[in-house]
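Enquirer: here are the coordinates; sequence isn't available:
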């Protein structure tokens, strides 16, 4: 993960956010921005698409 380029959401505030990185092979990584050396969740492209659509549709509110 040392070469991953992490991005925060434009909706992030006060350090309470997650970061995402696009990886090789159409994979995506997700981590807690306050714990950059902590655990990372890995998603396939299809899983990331379903997850991000769910976030945008408010499924997790």
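Expert: Thanks, I have the structure now. Since the structure is predicted, the reported quantities are computational estimates derived from the model, not experimental observations.
Enquirer: Now do stretch 49-61: everything it contacts.
Expert: Stretch 49-61 has contacts (Cβ atoms under 8 Å, 6 or more residues apart in numbering) with residue 43. The way it works is simple: take the backbone N, C-alpha and C, and place the C-beta from them, glycine included.
Enquirer: buried sites along that stretch?
Expert: Within stretch 49-61, the residues that count as buried by 16 or more other Cβ atoms under 10 Å are residue 51.
Enquirer: Tell me how far that stretch lies from the chain's centre.
Expert: 12 Å (Cα atoms, centre = their mean, to the nearest Å).
Enquirer: Stretch 1-19 too?
Expert: From the chain centre to the centre of stretch 1-19 is a distance of 7 Å (Cα atoms, centre = their mean).
Enquirer: what's the span of that stretch from first residue to last?
Expert: 13 Å (Cα to Cα, to the nearest Å).
Enquirer: contacting residues around that stretch?
Expert: Against stretch 1-19 from outside (Cβ under 8 Å, 6+ apart): 20-23, 29-34, 36, 40.
Enquirer: how about 10 Å then?
Expert: 20-24, 29-34, 36-37, 40-42, 55 (Cβ atoms under 10 Å, 6 or more residues apart in numbering).
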